[in-house]
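Chemist: Take a look and give me a structure for this.
(chains A and B)
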Amino acid sequence: MSLSARMILVLTCVGLISGGFLAGVGLWTKDKIAFNIQQEIEQAIKTVVPGTAVSEKLHEERAFTVYAGKTEDGTLIGYAVYASGTGFQDTITLMFGTDIELQKLTRLTILKQTETPGLGANIERDDLFLKFWEDRNIQADLTLHKPAASSPTELTSTEINTITGATISSEAVLNIVNLSLEKLKEKIETGQLEGR
Amino acid sequence: MEAKTLSSEYVKGLWDENPVFRQLLGLCPTLAVTNAVINGIAMGLATTFVLLLSSLVVSLIKKVIPNQVRIASYIVIIASFVTVADLFLQAFFYPISKALGPYVPLIVVNCVILGRQEAFSSKNSVGRSMIDALGMSTGFVLALLLLSSVREILGAGTFLGIQVLGSWFKPWIIMLLPAGAFIAFGILLGLALLIEGKTKKRRA
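Modeler: Residues are numbered from 1 along each chain as shown, chains lettered A, B, ... in the order given. Presented below is the predicted three-dimensional model:
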């Protein structure tokens, strides 16, 4: 057999065998991976809309997904918004919950971020950032409280805390939430989330 | 070559030819993921898995592969095992997979792996290649463990997430950042060369 024929044959075989092998592994892990992602989202919905037993996807678009949090008997108790936007280094993905009248934001959780460790990455920390997000009044846009407060009582109900040394990351989260809230209000006012 | 004992093939990966501190290979993942010990260990184990299986397959089929397409074949083989490792982590160790982010797919271009195929597995028997791969992986894991311990302890005051330094300690955040990776690595590399120099003198 000529050298080029052998080269082609060997590379083709290596490629085919690898491809087949990968297809098998892919099939084997596909459901498990989808389950993990689903699990993570459901867990987050339960965190941001306390009391949720069942959740239902109401609306989905790029970087903005709305879930309904419902009790066991199907009563709507709040909305959970899964959103992402630009952070300091890379995209921040988060989820927050609201009550059904859109009067207050119940809670916020960060699902994915690659902010600076020790500074921006503190947006994941409850004591520095997340606890300041509980029960915010969202009838108007939320604003940033500067300099950083040490206790939620120092903030007004429409303010959220800044992390010292990470204003950009704090602001990024705030912008994602404000933007998503606007979208959510518009969707609800125009009735786009009804009838599901 | 053949005169070497099997145990020396293993031991050389630990120090004399340690992939990170002696050969300076695979530094991209080494520097990138060692900001926490758990990430270092996970990266080390994923690399071990890929290195072992790639060495096994390459040493098995080394006679079939024409010299001209050997690198391409190695890359396909390595990439396949890396994808398997990536999918496996996503399926069974989801939090770790999220923490390692894009660095698992990057094992494909980890020079430790391609380097061992080219330098060793393509010229040696299956058994010898496996021992070599095991030695190199152990060396790689130990190096990652050392570097990530230094960085996590100084950068966050914790080890594997457990507080080891008291509240008096103000974390050196820079150790968790890329700059800290270079600083810590440079100092460790300097120490390694110092030790190597001392032992060489003693031998001579």
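
Chemist: what number of residues lie near residue 153?
Modeler: Using chain A here. Applying the criterion other Cβ atoms under 10 Å in any protein chain shown, we find 6 residues in the vicinity of A:Thr153. C-betas here are computed from N, CA, C, even on glycine.

Chemist: Not quite, go with chain B.
Modeler: With neighbours defined by other Cβ under 10 Å, the count for B:Ile153 comes to 18.

Chemist: Where do the strands of chain B begin and end?
Modeler: Chain-ordered strands for chain B, with DSSP state E as the definition, fall at B:158-159, B:162-163.

Chemist: The last one packs against which elements?
Modeler: Looking back up the chat, that one is strand B:162-163. For strand B:162-163, there is no helix or strand it packs on, judged by 3 or more Cβ pairs under 8 Å, 6 or more residues apart in numbering or on different chains; DSSP states H and E.

Chemist: so can I have a markdown table of the strands of chain B showing mean pLDDT and mean neighbour count?
Modeler: Below are the strands of chain B laid out as a markdown table (pLDDT from 0 to 100; neighbours: other Cβ atoms under 10 Å in any protein chain shown):
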| stretch | mean pLDDT | mean neighbour count |
| --- | --- | --- |
| strand B:158-159 | 89 | 16 |
| strand B:162-163 | 88 | 9 |
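
Chemist: Let me have those strands in CSV, extended by distance to A:Ile8.
Modeler: Shown next, in CSV, are those (distance: least, Cβ to Cβ, whole Å):
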stretch, distance to A:Ile8
strand B:158-159, 52
strand B:162-163, 55
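
Chemist: Contacts only, for A:Lys30.
Modeler: Not one residue lies near A:Lys30 by Cβ atoms under 8 Å, 6 or more residues apart in numbering or on different chains.

Chemist: quick one: it from A:Gly24, how far?
Modeler: In this structure, A:Lys30 lies at 11 Å from A:Gly24, with Cβ to Cβ, to the nearest Å as the measure.

Chemist: For A:Gly97, which non-adjacent residue is closest in space?
Modeler: Taking Cβ to Cβ, 6 or more residues apart in numbering or on different chains, and ignoring the residues beside it in sequence, A:Gly97 has A:Val48 as its nearest neighbour in space, at 3.2 Å.

Chemist: Please apply the same query to B:Pro178.
Modeler: Residue nearest to B:Pro178 in three dimensions, not counting chain neighbours: B:Leu31, with 7.0 Å by Cβ to Cβ, 6+ apart.

Chemist: burial count for that neighbour?
Modeler: In terms of burial, B:Leu31 registers 18 neighbours under the definition other Cβ under 10 Å.

Chemist: Relative to B:Tyr103, how far out is it?
Modeler: In this view, B:Leu31 and B:Tyr103 are 10 Å apart by Cβ to Cβ.

Chemist: Likewise for B:Ser7?
Modeler: Between B:Ser7 and B:Tyr103 the distance is 32 Å, computed by Cβ to Cβ.

Chemist: For A:His59, which three-state class applies?
Modeler: Reduced to three states with DSSP: H, G, I helix; E, B strand; the rest coil, the structure at A:His59 is strand.

Chemist: in chain A, which spans are helices?
Modeler: For chain A, the helices defined by DSSP state H cover A:3-48, A:167-189.

Chemist: meant to ask about chain B, not that
Modeler: Under DSSP H, chain B gives helices at B:6-11, B:27-33, B:37-61, B:70-92, B:94-100, B:111-116, B:126-156, B:178-203.

Chemist: right, so of the ones you listed, which gets closest to A:Val10?
Modeler: Each of the helices of chain B was scored for nearness to A:Val10 using Cβ to Cβ, and the closest is helix B:70-92 (6.7 Å).

Chemist: and residue 113, how many neighbours does it have?
Modeler: This is for chain A. The burial count assigned to A:Gln113 is 21, neighbours taken as other Cβ under 10 Å.

Chemist: You answered for a different chain; I wanted chain B.
Modeler: Other residues within reach of B:Ile113 by the criterion other Cβ under 10 Å amount to 32.

Chemist: do B:Trp168 as well
Modeler: Burial measure for B:Trp168: 6 neighbouring residues, criterion other Cβ under 10 Å.

Chemist: again, but for B:Ala184
Modeler: Applying other Cβ under 10 Å, we find 22 other residues in the vicinity of B:Ala184.
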